[in-house]
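Student: After the sequence you'll find the predicted model.
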Amino acid sequence: MADRNNPDFLSASTLKGDKVVNRAGEDLGKIEELMIDLRDGRIAFAVLSFGGFLGMGDKLFAIPWQAFTLRLHEHAFALDIPKETLEKAEGFDKGNWPITTREWLSTVYSYYGYQPYWQAEAAGVAGETESQRMARMGSTSADRENPDFLSADTLKGDKVVNTAGEDLGKIEEFMIDLENGRVGYVVVSHGGLLGIGSKLFAVPWQALTLRVHEHAFALNVSKETFDKAEGFDKDNWPLTREKLSRTYSYYGYQPYWQAGVAASVAGAAAAMPVETESERMARMEKERSTPVGPEEERGAQQERERLEELRKTQEEKISQLEKQRAETAKQAETERERLTRLERERIEAERQAQTEKQRLAQLEKELQEAKRQEEKDKVSRLEEELRSVQAQEGTLRDRLSQLERECVEAQRQAETERQRLAELERERTEVERQAEVERERLAQLERERTEVESVVQARGAEGRVTPDFLSASTIKTDRVINAAGEDLGRIEELMIDIESGRVAYAVMSFGGFLGMADKLFAIPWEALTLRPHEHAFVLDIPRDVLERAEGFDKSKWPLTREELSRTYTYYGYQPYWQRGMATGVSREAEPQRTTHTERTGSLETAEEVMARQEKERIEQLEKTETDEDRRQRLEREKVIAERRERKYH
């Protein structure tokens, strides 16, 4: 027995959003929408949106209502369809729903192994001809203008009018019969027209006629009947067939759940052979002319009583059929009136369409006029731009004259600068004299350096060797010098070839030596020779080549082999990724640079080379070094010595 805990009906809004699980309890998605068959008020199909379980994202699928089993207290539906069938089903996107006709839905039902409900009903109507079936069902063709199905959400909120076109209220909800998936009743709320406020009313689906293009339902019930109808509050909805049965009877409709029983009884009565009056009289005359015994007389009497009962039954049936015919005639008259009203509405719609067409023609003329006005405005704008360009040209001529005057002034300043250079030359001679004094101090530094080399050799004897590997973070910030020992800059970054894992190039930032400020330069790794104990790299590239090199900004580094190939070629090196592909090239043709093995020979040989290079660097510095340069160099060597102590000891 149904009650509020186990109702016969639930609203479409309540069912929408419920989750869907398979027989194994796995989450498949949720109910996105319920689609209502506009002909007979059934749930044609439910729209299921899949979540992540099948990996289908927001894909939508049409599922027959019969495939679902409601788990009321879990707010869930169990879907009785195999997982493999569901995975291969053809869905549709949220923004591209198919034209949902009964022909289309028939293929969906067949795919999932269900018989369309309209075919099952047609098969259950005995004695119905094809023409009667088509008349009952109506046309089977549909399009987006005249659909067979609409969603409950689309229909909710539509206004409700009476046969005279007066506004009665709006559709608040569709209550779904959980047993067979039909719209049990439609909930209508009244506005102020009937003075009923926000009272709710249960109306049978059969009492409503949808006007698709007006977004309205026409209520096929007299005004007096509807005024006296019993409504209900928002907290006390009819949830059982027993309560709803009274509503159907009040409006003069037979409950749909009783219609099937009545149809089967009527079919059985129609199947019985109907005896005509002449046949009955001939049969009785024959029975009277035939001599019978007492036993046969008693049987004949029983037969007469049975026939009399059958006659009465037939008369009652004829009376009922006459009443039904009169009711049908009344409904036909109502339908003719409705068709007349629809014809008037069609004529009015055509008149409005003609008015709209004239309005569109007027708008087209206004658009053409606006385009002509736009062309005029464009010409005026171009003339204004021409005047602006002419004014800018005059300004540029004035600027050119100013630049010519500045050029003359620059030539005069250049002459003054040449005189200043002559003065600097005299000062350089004085600096060379002072350099002689400093040579003695450098000799003292040479003795101190010799002592440092002795200490280094002693530590080398204890087992420390030049490393084969160094981390990128250790090499970063190391200074870069040329063969003469002049400071060029420092290592900013090491760029790694992702494909081969090699050091593609070192990023070097120049200091004040070449006047290049913070400009960055890509240097091939082969062009650098490491002096590990000085934390320095010797750059084996001529000074004039380096001065003319093309650098790059911090925001635009070479990131492809094609860009880097030009850098390798400029410095006279073959790109390492091309060496393996080249054929017929002798090893003598490859760059002859100091190998890693040569750089990491015995500690004694490396120290001797370092001492010789340091001596050459100091001798070179003695020729051009000023007092300020000497002071800065000594401070820099002190910092390097302290950092070397922290790094390697």
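Tutor: Yep, it's here.
Student: Report pLDDT for Ala164.
Tutor: You'll see Ala164 listed with a pLDDT of 83.
Student: just use 208 as the starting number from now, easier for me
Tutor: Got it, the first residue is 208 from now on, which makes the last one we talked about Ala371.
Student: Look at it and give its secondary structure.
Tutor: Applying DSSP: H, G, I helix; E, B strand; the rest coil to Ala371 yields a three-state assignment of coil.
Student: what about stretch 414-433, distance to the chain center?
Tutor: Average the C-alpha atoms of stretch 414-433, do the same for its chain, and the two points are 41 Å apart (C-alpha atoms, centre = their mean, to the nearest Å).
Student: same check, this time on stretch 357-365
Tutor: For stretch 357-365, the distance to the chain centre is 27 Å (C-alpha atoms, centre = their mean).
Student: now do stretch 702-722
Tutor: Stretch 702-722 sits 42 Å away from the centroid of its parent chain (C-alpha atoms, centre = their mean).
Student: what's in contact with that stretch?
Tutor: Contacting residues not belonging to stretch 702-722 are listed as 687, 693-701, 723-732, 735, 744, 746, 753-754, 758, 764-765, 771, 774, 783-784 [C-beta atoms under 8 Å, 6 or more residues apart in numbering]. Where you see a C-beta, it was placed from the backbone N, CA and C, and this is true even at glycine.
Student: which one is Arg837 nearest to, not counting chain neighbours?
Tutor: Excluding the flanking residues, the one nearest Arg837 by C-beta to C-beta, 6 or more residues apart in numbering is Glu645, at 6.3 Å.
Student: wouldn't that neighbour be in contact with Arg838 here?
Tutor: No - counting by C-beta atoms under 8 Å, Glu645 stays clear of Arg838, with 10.7 Å between them.
Student: Give me the more crowded residue out of those two.
Tutor: Glu645 (17 against 11; other C-beta atoms under 10 Å).
Student: helix or strand for the more buried one, which one?
Tutor: Here Glu645 sits within helix 501-668, counting by DSSP states H and E.
Student: Need the mean per-residue confidence for that helix.
Tutor: 84.
Student: Pull out the buried residues from the helix or strand following it.
Tutor: Per DSSP H and E, the first helix or strand lying C-terminal to helix 501-668 is helix 679-682. By 16 or more other C-beta atoms under 10 Å, the buried positions in helix 679-682 come out as Ile682.
Student: residues contacting the residue nearest to Lys430 when sequence neighbours are not counted?
Tutor: Leaving aside its chain neighbours, Lys430 sits nearest to Asn369 (6.0 Å; criterion: C-beta to C-beta, 6+ apart). By C-beta under 8 Å, 6+ apart, Asn369 lies in contact with Leu375, Ala425, Leu426, Val428, Lys430, Phe433.
Student: tally of neighbours for the last one?
Tutor: Which is Phe433. 20.
Student: Please identify which helix or strand holds it.
Tutor: helix 430-434.
Student: Equivalent analysis for Asn387, please.
Tutor: Going by DSSP H and E, Asn387 is not part of any helix or strand.
Student: how close does it get to Asp225?
Tutor: 18 Å (C-beta to C-beta, to the nearest Å).
Student: higher neighbour count, the two?
Tutor: Neighbour totals were compared for Asn387 and Asp225, and Asp225 leads with 18 against 15 (other C-beta under 10 Å).
Student: What are the phi and psi values at the more buried one?
Tutor: phi -60, psi 140 (degrees, to the nearest 10).
Student: just the strands in the stretch 308-457 of the chain please.
Tutor: 356-358, 366-368, 374-384, 390-397, 407-410, 415-418, 423-426 (DSSP state E, counting those that start in this stretch).
Student: Tabulate those strands (TSV), appending distance to Glu616 and mean pLDDT.
Tutor: Formatted as TSV, the strands of the stretch 308-457 of the chain follow (distance: least, C-beta to C-beta, whole Å; pLDDT from 0 to 100):
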stretch	distance to Glu616	mean pLDDT
strand 356-358	83	83
strand 366-368	87	88
strand 374-384	87	88
strand 390-397	91	87
strand 407-410	95	89
strand 415-418	90	88
strand 423-426	88	90
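Student: and Glu832, which of those is closest to it?
Tutor: Of all the strands of the stretch 308-457 of the chain, it is strand 356-358 that lies closest to Glu832, at 90.6 Å by C-beta to C-beta.
Student: In its sheet, which strands sit next to the closest one, and in what direction?
Tutor: strand 234-244 (antiparallel) (DSSP bridges).
Student: could I get the partner strand in PDB with only the CA atoms?
Tutor: Included here for strand 234-244 are C-alpha records, laid out as PDB according to Å, rounded to 0.1, in the frame of the first residue of the first chain:
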ATOM      1  CA  ASP A 234      28.500   4.700 -10.300                       C
ATOM      2  CA  LEU A 235      27.600   5.400 -13.900                       C
ATOM      3  CA  GLY A 236      26.400   9.000 -13.800                       C
ATOM      4  CA  LYS A 237      23.200  10.800 -13.000                       C
ATOM      5  CA  ILE A 238      19.700  11.600 -14.400                       C
ATOM      6  CA  GLU A 239      20.000  14.900 -16.400                       C
ATOM      7  CA  GLU A 240      16.500  15.100 -17.800                       C
ATOM      8  CA  LEU A 241      13.200  13.300 -18.200                       C
ATOM      9  CA  MET A 242      11.700  13.500 -21.700                       C
ATOM     10  CA  ILE A 243       7.800  13.500 -21.900                       C
ATOM     11  CA  ASP A 244       5.900  12.000 -24.900                       C
END
